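Q: Quick one: sequence and predicted model below, then my questions.
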Amino acid sequence: MHPALSPAVLAELRRPRPYPAVSILMPTHRREPDDAQDPVRLRNLLAEAKERVQADPDVSRADRIDVLGQLDRALAEVDLVHAEDGLAILAAPGEHQVWSLGRTAPARVVVSDTFLTRNLVAAHAAERPHWVVAIAADRVAVWGGTEERVAERTGNGFPLVRVNENPDPERQERIGDSPSTFRDEETKTFLRRAETELGKLLADDPRPLYVVGEAAALALLDAAGPIAREATAQIPHGGLAQADAETVRKVVAPAVRAHAEREAADALALLDRARGGKAYAAGLDEVWQAAGQGRVERLLVEENYRATVRDDGEHLVPDEAGRPGVREDIVDEVIERALDTGAKVAFVPDDTLADSGRIAAALRY
């Protein structure tokens, strides 16, 4: 399964595809006994998707055979043993992708000329992705992750590895030591190169950055340029440039949680100011309309807020799941609408917005 979403990946997923582009979405479960239903639901949804492709007169024989094969290959890649809260299978002529989501999604099959991405977009925002860079004198490793998991970034210049090919034997023979690891010019040059590569990475995929290393390494990277100085947090902790994923996650977890709490507090303060200035929307119907008009500057959503509604032409009306015409992922739809128009989204603990209908927004006008 694909390990991580990014703005570039989401943009690629949202481009038009040759028909038929099949999207299969479903909730999954992390624990027993609820996880027992996941394989059954997956088989049923896959069967529905195949039936719709086979019965569609607009699908050529070649594309039908291709997409059915893509669906089978996607199924083989699904790992329900390590499931999170949702699953997305995307298949079109010549391609398939499988995504595990840290946010639930309603069960559905969609056949169109684009993939259904709103649940992936909302999951990406809710996971609060970040970067971790671990600094050592001879290696700089970058990890991409969320609160629950991290994975080392390979490619695009990382990891950076330095081989010390020019030790100073005369110095060692004369005075019995070698130059300080973080004072020699080769190390300074190496970390300046790391600063340059980090700048490229952040330009392509901006995220909060946590810089980890010995105090001397952090100081030297500070001197190399502004990126380390402007990082979300610096964490003096050596030995992580060669560490495993779980060790890295545990070291940065307190800083990641602290940043999430600061972001939530800042968003709530902005919301209070917007309420006083009457540039404020509260409740799903108001926020949905404001998002559709491109007026949302900052959207706040309780972490586990979900709603099922139908659109009566003027307003969203609460309804029951499974009925014709209902929208079971309307909250994710609002999040995607807001992000598409440049809004920032903050997720806050449940009951934080109890007096605002669980979802609220500071408006541009």
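A: Arrived safely.
Q: Quick check: longest helix in this structure by residues?
A: Looking across the chain with DSSP state H, the single longest helix is helix 245-276.
Q: Distance from the chain centre to it, please.
A: Taking CA atoms, centre = their mean, to the nearest Å, one finds helix 245-276 lying 15 Å from the centre of the chain it belongs to.
Q: List the buried residues of that helix.
A: Residues of helix 245-276 classed as buried by neighbour count (16 or more other CB atoms under 10 Å): 248-249, 251-252, 255-256, 259-260, 263-264, 267-268, 270-271, 274. (Each C-beta comes from the backbone N, C-alpha and C, glycine too.)
Q: so where's the stretch 51-200 of the chain shaky on pLDDT?
A: Within the stretch 51-200 of the chain, the ranges that satisfy pLDDT under 70 run 164-183.
Q: Spit out the contact partners of V140.
A: Residues near V140 by CB atoms under 8 Å, 6 or more residues apart in numbering: V133, A134, F158, P159, L160, F190, L191, A194, E197, A241.
Q: Point me to the helix or strand that includes the residue nearest in space to the middle of the chain.
A: Nearest to the mean C-alpha position of the chain, by CA atoms, centre = their mean, lies H124 at 3.1 Å. According to DSSP states H and E, H124 maps onto helix 118-126.
Q: Quick one: list the elements packing against that helix.
A: helix 7-13, strand 86-92, strand 95-101, helix 330-340, strand 344-348 (3 or more CB pairs under 8 Å, 6 or more residues apart in numbering; DSSP states H and E).
Q: which element follows that helix toward the C-terminus?
A: Later in the chain than helix 118-126, the nearest helix or strand by DSSP H and E is strand 130-135.
Q: What angle do strand 130-135 and the helix or strand that that following strand is followed by make with each other?
A: Per DSSP H and E, the first helix or strand lying C-terminal to strand 130-135 is strand 139-145. For strand 139-145 against strand 130-135, the angle between stretch directions is 160 degrees (axes from the mean of the first three to the mean of the last three CA atoms, to 10 degrees).
Q: what does whatever helix or strand comes next after strand 139-145 rub up against?
A: Counting by DSSP H and E, the element after strand 139-145 in chain order, helix or strand, is strand 150-153. By CB under 8 Å, 6+ apart, the residues outside strand 150-153 that reach it are 3-4, 131-132, 141-145, 159, 201, 245, 248-249, 252.
Q: switch to 7 Å and redo it
A: P3, A4, V132, A141, V142, W143, G144, G145, A245, V248, R249 (CB atoms under 7 Å, 6 or more residues apart in numbering).
Q: Neighbouring strands of whichever helix or strand comes after that strand in the sheet, and parallel or not?
A: Once the chain leaves strand 150-153, the next helix or strand it forms, by DSSP H and E, is strand 160-161. With DSSP bridges as the test, strand 160-161 is paired with strand 139-145 (antiparallel).
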